[in-house]
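K.L.:
I would like to see how this sequence folds:
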Amino acid sequence: MKRRQLPWSRFFLLIAVVLTCFGSVCWAQQDAPTNETVSSQKAPDTGDATADILKVAGDIKEAIVPASPEVKEIEKRLANTEEVVKKKEEQLEGAQAQAQEVLQEKEILEKEVQVKQEAAQVVKEELEAVKQQVVVKKDPQLVKKVKALTTESEKLDEEVSAYQARLDATVSKAAVAQRGLELVQAKVQQLKDSLENIKKEKAAKKSWAEKGIEASILIVMGLVFFAVIKFSVRKLENLVTEKGRLRESGVTLRVKTLSRLFHWLGTIAILLVIGYMVLKVFGFDVAPLLAGAGIVGLAFGFGGQYLIRDVINGFFILVEGQFRINDVVKIGDDAGLVENINLRITTLRDLEGRVIVIPNGEIKTVINFTKDYSQALFDIGVAYKENVDRVMDVIKDLAKEMRQDKYFGRLILADLEMFGVDDFGDSQVTIKFRIKTLPIKQWEVAREFRRRLKNRFDELGIEIPFPHRTVYMGTGADNEWLRQLAERYAPKK
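P.N.:
Numbers count the residues shown, from 1 in each chain. Just a heads-up that it's a prediction; the model follows:
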């Protein structure tokens, strides 16, 4: 039966379309030429999602409640400052590139100077050795070699001096570039501080009604995003659902599991982003709050390690596909159907309908009863008087009949696998066998097989033993002989 779609989904989608169109119109009007100077215009920054959302919320609020002239003047200053900051950041990028280029040139020259100095040192050492030979031998060839080495040494010294001069100039140039870079960085930081002050001034000039309206718009947009994610996840699950199959494939179950994870992560992201932007609307400086949260997190670090362990373990459970939505698993002493799984917790529901929530960090060993296929395992006891070969033939025939059944034949994947006589009990012979089934269908097949087997044993007169007690009725006089015997052999006092 197809699930009826709630009207809220369509309502939220309609709001999303309206907000998107309205934001586009506002941005188009903002980018259109006006009588103001070009420097006062502010193009939307597509790289900053939060700024874009805040801009849309502000435009919608402006359409509902127009801002006062004082606030408009502050907004104009804010736009101009943002434009200057943008230009200074571009200038900063150019200064960084120039400084990096100068530093690279400096490194190259230092290597060249080192090479030339080493070459000059080698020539000088060779020149000294040849001079000593000239003093001893007085050979004209050695004299010529001394002159040649002297010329080469002087040439190398000149080259070293030239490279050293270039290196000194480059070092000075690098110092100038570094100083310019520091000045531009200081200017950019100063402009950013000024920008933050203007934003705080703008927030202070707004009335609480304007802030409330803008915050309400942000919350509505968050609800819209949440509804879109929920609607998308539901559509994806409906799209991949394999209708008409008794058990969906592993790929389908894995896609459904990951879609639930996407819904969980998306919800957390929306809450964080919308909460951050609402705080900014009311003029709260979020940076100190984040720093305070970091200090609190450090204080509770020993408790946070359990959360980190849950997230890491949950990540590997999802990546490795240890279990999925609609699998039946046993984790520790708890077992049930997997209803939900995310990075932090796994939710099970047992046969009594109880919900079991297990942190992923506590999961050490998992027994998955429904991975790829399942096995219905049987231990059937019969009386010692029965012919076990005949009993095993009856069981095999009954399994063949179930494979011919229109419904249960679809649940059974292979013929019965007979293990044989497994144990001799106090009053029964145990016969062990199993039947391979679709995942999660082993219990349904086992219940039906036991029902048919009981009826078949009754028809054929095969006894299934059960514990019983024999009681002999009598009076005390009937046991007088036992009392006399006990007195005869009792020790005398």
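K.L.:
just the strands in the stretch 151-300 of the chain please.
P.N.:
Using DSSP state E, counting those that start in this stretch, no strands are assigned anywhere in the stretch 151-300 of the chain.
K.L.:
Gln178 touches Ala99, doesn't it?
P.N.:
Yes - under the criterion of Cβ atoms under 8 Å, Gln178 makes contact with Ala99 at 5.8 Å. In this view, the C-beta of every residue, glycine as well, is placed from N, C-alpha and C.
K.L.:
next one: Lys371 from Leu258, what distance?
P.N.:
Using Cβ to Cβ, to the nearest Å, one obtains 17 Å as the distance from Lys371 to Leu258.
K.L.:
actually Asp310, sorry about that
P.N.:
Asp310 is 18 Å from Leu258, where distance means Cβ to Cβ.
K.L.:
who has more neighbours, the two?
P.N.:
When Asp310 is set against Leu258 and neighbours are counted by other Cβ atoms under 10 Å, the residue ahead is Asp310, at 21 against 18.
K.L.:
so the closest residue to that one other than its chain neighbours: helix, strand or coil?
P.N.:
Setting aside the residues directly before and after it, Asp310 is nearest to Gly361 in space (Cβ to Cβ, 6 or more residues apart in numbering), at 4.1 Å. Using DSSP: H, G, I helix; E, B strand; the rest coil, the three-state assignment for Gly361 comes out as helix.
K.L.:
can you give me the distance of Gly361 to Ile317?
P.N.:
With distances defined as Cβ to Cβ, the gap from Gly361 to Ile317 amounts to 11 Å.
K.L.:
show me which of Gln178 and Ala99 is the more surrounded one.
P.N.:
In terms of neighbours (other Cβ under 10 Å), Ala99 is the more surrounded of Gln178 and Ala99; the figures are 19 against 14.
K.L.:
element containing that one, please.
P.N.:
Element membership for Ala99 (DSSP states H and E) is helix 69-137.
K.L.:
show me what that helix is packed up against.
P.N.:
Helix 69-137 makes packing contacts with helix 140-205 when contacts are defined by 3 or more Cβ pairs under 8 Å, 6 or more residues apart in numbering; DSSP states H and E.
K.L.:
looking at the chain, which helix or strand is least sure?
P.N.:
Comparing helices and strands within the chain by mean pLDDT, DSSP states H and E singles out helix 7-31 as the least confident, with a mean of 42.
K.L.:
distance of the residue nearest the centre of the chain relative to Arg309?
P.N.:
The central residue of the chain, meaning the one whose C-alpha is nearest the mean C-alpha position (Cα atoms, centre = their mean), is Phe315 at 5.9 Å. When Cβ to Cβ is the yardstick, Phe315 and Arg309 sit 11 Å from each other.
K.L.:
same thing with Val338?
P.N.:
For Val338 relative to Arg309 (Cβ to Cβ), the value is 20 Å.
K.L.:
returning to that earlier point: now do the helix holding Ala99, average pLDDT.
P.N.:
Looking at helix 69-137 alone, the average pLDDT works out to 77.
K.L.:
residues in contact with Leu411?
P.N.:
Leu246, Thr437, Leu438, Lys441, Glu444, Val445 (Cβ atoms under 8 Å, 6 or more residues apart in numbering).
K.L.:
quick check: buried residues in stretch 185-201?
P.N.:
Neighbour-count burial for stretch 185-201, counted by 16 or more other Cβ atoms under 10 Å, picks out Val188, Leu191, Leu195, Ile198, Lys199.
K.L.:
now do stretch 229-237
P.N.:
Ile229, Lys230, Phe231, Val233, Arg234, Leu236, Glu237.
K.L.:
as a markdown table, these with pLDDT would be great.
P.N.:
Compiled in a markdown table, the buried residues of stretch 229-237 are given as follows (pLDDT from 0 to 100):
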| residue | pLDDT |
| --- | --- |
| Ile229 | 82 |
| Lys230 | 82 |
| Phe231 | 83 |
| Val233 | 77 |
| Arg234 | 79 |
| Leu236 | 76 |
| Glu237 | 73 |
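K.L.:
so which of those sit within helices?
P.N.:
Secondary-structure check on the buried residues of stretch 229-237 using DSSP state H: residues within helices are Ile229, Lys230, Phe231, Val233, Arg234, Leu236, Glu237.
K.L.:
what number of residues lie near the residue lying closest to Leu167 once chain neighbours are set aside?
P.N.:
The spatially closest residue to Leu167, leaving aside those adjacent along the chain, is Leu109, at 4.3 Å (Cβ to Cβ, 6+ apart). Using other Cβ under 10 Å, Leu109 has 19 other residues around it.
K.L.:
what about Leu109, distance to Val123?
P.N.:
If you go by Cβ to Cβ, the gap between Leu109 and Val123 works out to 21 Å.
K.L.:
gap between the nearest residue to Arg166 once chain neighbours are set aside and Ala227?
P.N.:
The shortest distance from Arg166 to any non-neighbouring residue, by Cβ to Cβ, 6+ apart, is to Leu109 (5.7 Å). With the distance defined as Cβ to Cβ, Leu109 ends up 63 Å from Ala227.
K.L.:
about what we covered before: quick check: the residue nearest to Asp310 vs Lys147, distance?
P.N.:
83 Å.
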